[in-house]
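S.K.: generate coordinates for the sequence data below:
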Amino acid sequence: MNPLATASPPGGGETNRDEVDRAMASEDAAREARKAERRAAAGRLTDLPRLLRGIGATVLVAAAFTFMLQTWELGDDVTRYYHFLAFTVTLAGAGFFCGLRLRDERSARTFLGLAAGAVPVHFTVLGALLYSQFPWLSGFTDYPGYAHFSAPDQIAALVTAAVGFAFLVPVCWTAFLTFARPEARILTLGYLAANATLLVPTRQPDVIGGLALALLLGTLAFDRRVLAAAPALRTPGGRLVRLLMAVPFTILVGRTFNLYEPSSLFLAAVLASVSVVLFVVAPLAVAGRRQAQLAQRASLVPMAGAWWCSLLAVSELASIPDAWALPLLCLPMAALYAALSLRSLDGGGGLRKLAALVATGGMTLQLVLFPGVGSSLACLATAIVATAYGYAAEQRGVLGLGVLALIFGLLYHLRYAAELYALSPWGSLALLGIVTVIAASLVERHHRSLTARVVDLHGRLQRRSA
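M.R.: Now for the predicted structure:
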């Protein structure tokens, strides 16, 4: 052993190994950090085209709005429209270029989607040009500058509409080929038909309200029977295409609210449209069954408002006696609620109770506010119908409401028996009793078929609510 050799301190080897391990661990951590940073950078570069497409689409939409809203000092409104048509065709051409030359399907869809989304704006402007020369059922309105489009003469209006339609048809067809090739033809026809409602040369709110409601019902039927069955339209892009079908309806309603004075009938049509959307469309869009049922229940409020506005529209044309107001309001609403209960997701039991409450409660209130033989007969007839249905369908709530209304109506007759001495009132009451007994005989005679139908209906409602 060399006496000059320096002895290692106790545990020195372990210390050096720990330092080496820490250095290696630090180097591995730094290497992993660099790898993570490179992956993050690669991810950002991968998402960058999506961000740029979104920014570009936003800028193009802003450019379109600026283009349409700006004040033009040179040229007329027809020239202004042709510039916008050229802008839309340029968007479609850019989509062609990206799809065929650059082989970039996403950018092509962005351009063509924007071009297809601009089509309702084109039809709105073309409708304004036609309306300026062929007005129908409308008065004068002082339009703001951005909404004023006027053709110099009838020939210019018709030619501009024809030229615009000739260019917009291939734009729509090309866009829908990109999003849903198998359904491109039917999509183009449906989209153009929906937008054609914007060409109707009238701004009369009652007509527009009826047109908007008919358009909504037609769009929903087209979506449920044709578009919903197409696999290509269940993708995110396909759902956007389906949403485009609702744009003409939105423009019809929004234009009337913005530029004209809505009438009672127009408000009725709008509220009815809201009710239809809540009852039919919203349950398909929400995730849970409970949310779908809540949407259907929420539809009852605008539905009642729609019927009320309809009565107001009728009263503006012909005065409705006060004694008729409650029957006209409550009985049709009760019938409508009862009909909707057959399509309710929860089986419709609550809706049928509500229908019975509206009918019996309304007729009972009618008897209190407008006492008389006619009111009492209406109350009794409604009570008998509610009682019979509640008993046959095993709806205790409906049965209870019917029995209460029946008792109240009969007590009214007993209370005022001394005053109801004329032949006609007592004859009417007797006639109601005779009709009720005969109805009982008919039910007893055909009880088997009626029982089978009631059991079948009850079973279907039970399965629907399960």
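
S.K.: what residue ranges in the chain score low on pLDDT?
M.R.: Low-confidence segments of the chain (pLDDT under 70): 1-25, 27-54, 56-75, 138-142, 144-147, 393, 413-466.

S.K.: can you give the domain ranges for it?
M.R.: Split into domains by automatic domain parsing, the chain comes to 53-262, 347-466.

S.K.: can you put those domains in a markdown table and add distance to Gln296?
M.R.: All C-beta atoms are positioned from the backbone trio N, CA, C, and that covers glycine. Formatted as a markdown table, the domains of the chain follow (distance: least, C-beta to C-beta, whole Å):
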| stretch | distance to Gln296 |
| --- | --- |
| domain 53-262 | 15 |
| domain 347-466 | 9 |
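
S.K.: including mean neighbour count and distance to Ala292, could the ones you listed go into a markdown table?
M.R.: Converted to a markdown table, the domains of the chain look like this (neighbours: other C-beta atoms under 10 Å; distance: least, C-beta to C-beta, whole Å):
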| stretch | mean neighbour count | distance to Ala292 |
| --- | --- | --- |
| domain 53-262 | 17 | 15 |
| domain 347-466 | 16 | 12 |
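
S.K.: which residues touch the most centrally placed residue in the chain?
M.R.: For the chain, Val277 is the residue whose C-alpha lies nearest the centre (C-alpha atoms, centre = their mean; 3.1 Å). With contact taken as C-beta atoms under 8 Å, 6 or more residues apart in numbering, Val277 is in contact with Leu216, Ser299.

S.K.: state the distance from it to Thr250.
M.R.: Going from Val277 to Thr250 by C-beta to C-beta, to the nearest Å gives 11 Å.

S.K.: distance of Pro120 from Thr88?
M.R.: 11 Å.

S.K.: the stretch 251-400 of the chain: helices as residue ranges?
M.R.: Here the stretch 251-400 of the chain has its helices, by DSSP state H, counting those that start in this stretch, at 264-276, 282-285, 289-298, 300-317, 322-341, 349-369, 373-392, 396-415.

S.K.: correction: the previous question concerned the stretch 51-200 of the chain.
M.R.: Ranges of helices in the stretch 51-200 of the chain, per DSSP H, counting those that start in this stretch, are 77-100, 105-117, 119-133, 154-179, 184-196.

S.K.: dump those to JSON lines, plus distance to Gly409.
M.R.: JSON lines is the format used below for these (distance: least, C-beta to C-beta, whole Å):
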{"stretch": "helix 77-100", "distance to Gly409": "65"}
{"stretch": "helix 105-117", "distance to Gly409": "59"}
{"stretch": "helix 119-133", "distance to Gly409": "55"}
{"stretch": "helix 154-179", "distance to Gly409": "61"}
{"stretch": "helix 184-196", "distance to Gly409": "50"}
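
S.K.: of those, which is nearest Asp206?
M.R.: Closest to Asp206 of the helices of the stretch 51-200 of the chain is helix 119-133 (C-beta to C-beta; 16.4 Å).

S.K.: quick one, the closest one and helix 154-179 angle?
M.R.: Here helix 119-133 points in a direction 170 degrees away from that of helix 154-179 (axes from the mean of the first three to the mean of the last three C-alpha atoms, to 10 degrees).

S.K.: can I get helix 119-133 as CSV, trimmed to CA atoms?
M.R.: What follows is helix 119-133, C-alpha atoms only, in CSV (Å, rounded to 0.1, in the frame of the first residue of the first chain):
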residue,chain,number,x,y,z
VAL,A,119,-77.3,33.7,-51.2
PRO,A,120,-80.2,34.9,-48.9
VAL,A,121,-78.7,38.4,-48.9
HIS,A,122,-78.8,38.3,-52.7
PHE,A,123,-82.5,37.2,-52.7
THR,A,124,-83.3,39.9,-50.2
VAL,A,125,-81.7,42.6,-52.4
LEU,A,126,-83.4,41.2,-55.5
GLY,A,127,-86.7,41.2,-53.7
ALA,A,128,-86.2,44.8,-52.8
LEU,A,129,-85.5,45.7,-56.4
LEU,A,130,-88.6,43.9,-57.6
TYR,A,131,-90.7,45.4,-54.8
SER,A,132,-89.6,48.9,-55.9
GLN,A,133,-91.3,48.4,-59.2
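
S.K.: relative to the whole chain's centre, how far out is that helix?
M.R.: 24 Å (C-alpha atoms, centre = their mean, to the nearest Å).

S.K.: now do stretch 81-88
M.R.: With C-alpha atoms, centre = their mean as the basis, the mean position of stretch 81-88 lies at 31 Å from the chain mean.

S.K.: one more: stretch 215-227?
M.R.: Distance, stretch centre to chain centre, for stretch 215-227: 11 Å (C-alpha atoms, centre = their mean).

S.K.: residues contacting that stretch, please?
M.R.: Contact partners of stretch 215-227, identified using C-beta under 8 Å, 6+ apart, comprise 183, 186-187, 190, 194, 197, 233, 242, 245-246, 248-249, 252, 273, 276-277, 280-281.

S.K.: repeat that for stretch 232-240.
M.R.: Applying C-beta under 8 Å, 6+ apart, the external contacts of stretch 232-240 come out as Arg109, Gly113, Phe179, Ala180, Arg181, Pro182, Glu183, Leu227, Ala230, Val241, Arg242.

S.K.: quick check: the third one vs Gln395, distance?
M.R.: Pointing back at Phe179 there. Counting by C-beta to C-beta, the separation of Phe179 from Gln395 is 48 Å.

S.K.: and what of the second one?
M.R.: Going from Gly113 to Gln395 by C-beta to C-beta gives 50 Å.

S.K.: ok, the fifth one next?
M.R.: With distances taken as C-beta to C-beta, Arg181 is found 51 Å from Gln395.

S.K.: okay, and the closest residue to Leu252 other than its chain neighbours sits in which element?
M.R.: Counting by C-beta to C-beta, 6 or more residues apart in numbering, Leu252 lies nearest to Ala212, which is 4.5 Å off, once chain neighbours are set aside. Element membership for Ala212 (DSSP states H and E) is helix 205-222.

S.K.: tell me who's in contact with the closest residue to Arg343 other than its chain neighbours.
M.R.: In this structure, Arg343 finds its nearest non-sequential neighbour in Phe279, 7.7 Å apart by C-beta to C-beta, 6+ apart. Going by C-beta under 8 Å, 6+ apart, Phe279 touches Ala295, Gln296, Ser299, Met303, Leu340, Arg343.

S.K.: take the residues you listed and write them to CSV, including distance to Phe165 and neighbour count.
M.R.: What follows is these, written out as CSV (distance: C-beta to C-beta, whole Å; neighbours: other C-beta atoms under 10 Å):
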residue, distance to Phe165, neighbour count
Ala295, 38, 20
Gln296, 40, 23
Ser299, 37, 22
Met303, 37, 21
Leu340, 40, 20
Arg343, 38, 12
